[in-house]
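Visitor: One predicted model, sequence on top.
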Amino acid sequence: MSRTPALLVRGADLAGGGAGDVLVVDGTIRAVGTDAAADAPAGVQRLDADGLVLLPGLVDLHTHLREPGREDAETIETGSQAAAVGGFTAVLAMANTTPVTDSAEVAETVLDLGRRAGYVDVHPVGAVTKGLAGQELAELGLMARSRARVRVFSDDGRCVDDARLMRRALEYVKGFGGVVSQHAQDPRLADGTACCHEGELSGRLGLPGWPAVAEETVVARDVMLARHTGSRVHVAHVSTAGSVEVLRWAKAQGIAVTAEVTPHHLMLTEDELAGYDPTFKVNPPLRPAEDTRALREALADGTIDAVATDHAPHVRQDKEHAFADAAFGMLGLETALPVVSTVMVAEGLMTWADVARTMSATPARIAGLTDQGRGLTTGAPANLTLVDPTRSHTVDRALSRSLSRNNPWHGRRLTGAVHLTMLRGQVTAREGLVWGATS
Ligand SMILES: NC(=O)N[C@@H](CC(=O)O)C(=O)O
Ligand SMILES: [Zn+2]
Ligand SMILES: [Zn+2]
């Protein structure tokens, strides 16, 4: 894996800002614009990108890589490969591993495995509470001061429902500019057996549901705790129109709250559940079309700050059960950009500049990453994603780099494809193939 010494990307649409060239030398963006070619050293490699869109490398705030503990479902290496194929140059790896990422030691292990794989920057998310048990705070400070520099903390999969603990976590992370990413779902309103959205459809299907209000009350409580503590809260995978209303209000008050939406909550509705296919069982659940519409509008107008995949690989034995018994979660890394391109850009709801903001710059800022999300600017690390905006393809779950196959997009036609991904000047994926498989 040798780094391209000098590369001139020619004629791409620069993140929606019009056509231009980008010169990469020694892993860094050396020049941007129509006269970038003038600075190119002799022997520079040229890449004709006419008709393609050049984005800053994508950053995923919410990925389940499963290592340590469930290397049969995903490893940091395979998940990193899927991320690179999907156009990502950095991912935040969720803490619900075995052991849980609730100590500096586990966080550093995840960091090191990510570096060894080398496809994307892997930043561990630290657990808020020890063992995700919701009883006592994990070693937040030790994780923050470790080599892994943990800044995002989450008990994802479980809500930090104890208001006193949530308050203390917010106060604690404020000291080092951290953020708590909350899986907002009141366990008292969301029964342990719930497996889909509570509404007319869940009644008809005979499946126990979660009401939207289980999410919305926690979002409302958390923005008030953020206001009280002056700390930052991030709402993971927002899924209801009511949560959007709370966020809109909180932002108007100047409260430090950010939020993410998943590609699946932007595109899929609860109607997918009609066939009882557990591929579509996910937490939070797919919601009615009114919610999907509200989420699209909120992402377009900035109420929701970022797109995050919630890539949640599961082995066949955990997923192929009756709907009520199957594991929650779906794949997302390789299809995130094509889904956003299809439902937001092709529909005229967002520009490519908006995609760069919601999938690179803003998630990097939320996670406190300093060498990601810096855009197409001279001096920034050459973390780049080249997209073919018009290429349509039918998703085939067999072609995934993930070890798992719980892919809700299988057989669907999406418009917009990742052509090439580059991490600090190194091509990590091209046309769906990772670098080792390219030549
Ligand atoms: N998103 C999911 O449906 N599943 C997540 C955990 C979670 O967030 O519930 C997982 O780890 O599989
Ligand atoms: Zn979650
Ligand atoms: Zn998750």
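Guide: Thanks, I have the structure now. Ligands and ions are numbered 1, 2, ... in the order given.
Visitor: Tell me the secondary structure at residue 54.
Guide: strand (DSSP: H, G, I helix; E, B strand; the rest coil).
Visitor: didn't it look like it was pressed against residue 376?
Guide: Yes - Residue 54 lies in contact with residue 376 (CB atoms under 8 Å); the separation is 6.6 Å. All C-beta atoms are positioned from the backbone trio N, CA, C, and that covers glycine.
Visitor: For the two, work out which one has more neighbours and name it.
Guide: residue 54 (29 against 23; other CB atoms under 10 Å).
Visitor: Give me the contact list for the helix or strand residue 59 falls within.
Guide: Assigned by DSSP states H and E, residue 59 belongs to strand 58-63. The list of residues contacting strand 58-63 from outside it, by CB atoms under 8 Å, 6 or more residues apart in numbering, reads 79, 83, 86-94, 152, 156, 181, 234, 236-237, 260, 262, 306, 308-311, 333, 336-337, 359-360, 363-364, 366-367, 369, 372-373, 385.
Visitor: Following that strand in sequence, what is the next regular element?
Guide: Immediately after strand 58-63, counting by DSSP H and E, sits helix 76-85.
Visitor: Give me the contact list for that following helix.
Guide: So helix 76-85 is contacted by 60, 63-67, 91, 93, 110, 113-114, 116-120, 122, 311, 313, 331, 333-334, 400-403, 418, 421, 423, 428-429, 432-435 (CB under 8 Å, 6+ apart).
Visitor: Not counting sequence-adjacent ones, nearest residue to the residue of the stretch 251-400 of the chain found nearest ligand 2?
Guide: As assessed by CB to the ion, ligand 2 sits closest to residue 283 within the stretch 251-400 of the chain, at 5.7 Å. Excluding its sequence neighbours, the residue lying closest to residue 283 (CB to CB, 6 or more residues apart in numbering) is residue 328, at 4.0 Å.
Visitor: quick one on the thing from earlier: determine the number of other residues adjacent to the residue of the stretch 251-400 of the chain closest to ligand 2.
Guide: Look at residue 283: counted by other CB under 10 Å, it has 20 neighbours.
Visitor: Give me the phi and psi angles of it.
Guide: Taking degrees, to the nearest 10, you get phi -120, psi 120 for the backbone angles of residue 283.
Visitor: check contacts around it.
Guide: 157, 183, 185, 328-329.
Visitor: from these, which single one is nearest residue 410?
Guide: residue 329 (15.1 Å; CB to CB).
Visitor: State the number of residues packed around whatever residue of the stretch 201-350 of the chain ends up closest to ligand 3.
Guide: Distance from ligand 3 to each residue of the stretch 201-350 of the chain (CB to the ion) is smallest for residue 310, at 4.4 Å. Other residues near residue 310 come to 29 when the count uses other CB under 10 Å.
Visitor: In contact with it, which residues?
Guide: 62-64, 236-237, 262, 264, 282, 329-330, 332.
Visitor: please redo it, this time with the cut-off set to 10 Å
Guide: For residue 310, the contact set (CB atoms under 10 Å, 6 or more residues apart in numbering) comprises 60-64, 94, 156, 183, 236-237, 260-265, 282-284, 328-332, 336.
Visitor: In strands, which of those residues fall?
Guide: Counting by DSSP state E, the contacts of residue 310 place 60-63, 260-261 in strands.
Visitor: Now rank those by neighbours and give me the top one.
Guide: residue 61 (31 neighbours).
Visitor: what about that one, distance to residue 67?
Guide: Per CB to CB, to the nearest Å, residue 61 is found 19 Å from residue 67.
Visitor: cool, and residue 101?
Guide: Residue 101 is 10 Å from residue 67, by CB to CB.
Visitor: Show me the common contact partners of those two, please.
Guide: What both residue 101 and residue 67 touch, as defined by CB under 10 Å, 6+ apart, is the set 93, 109-110.
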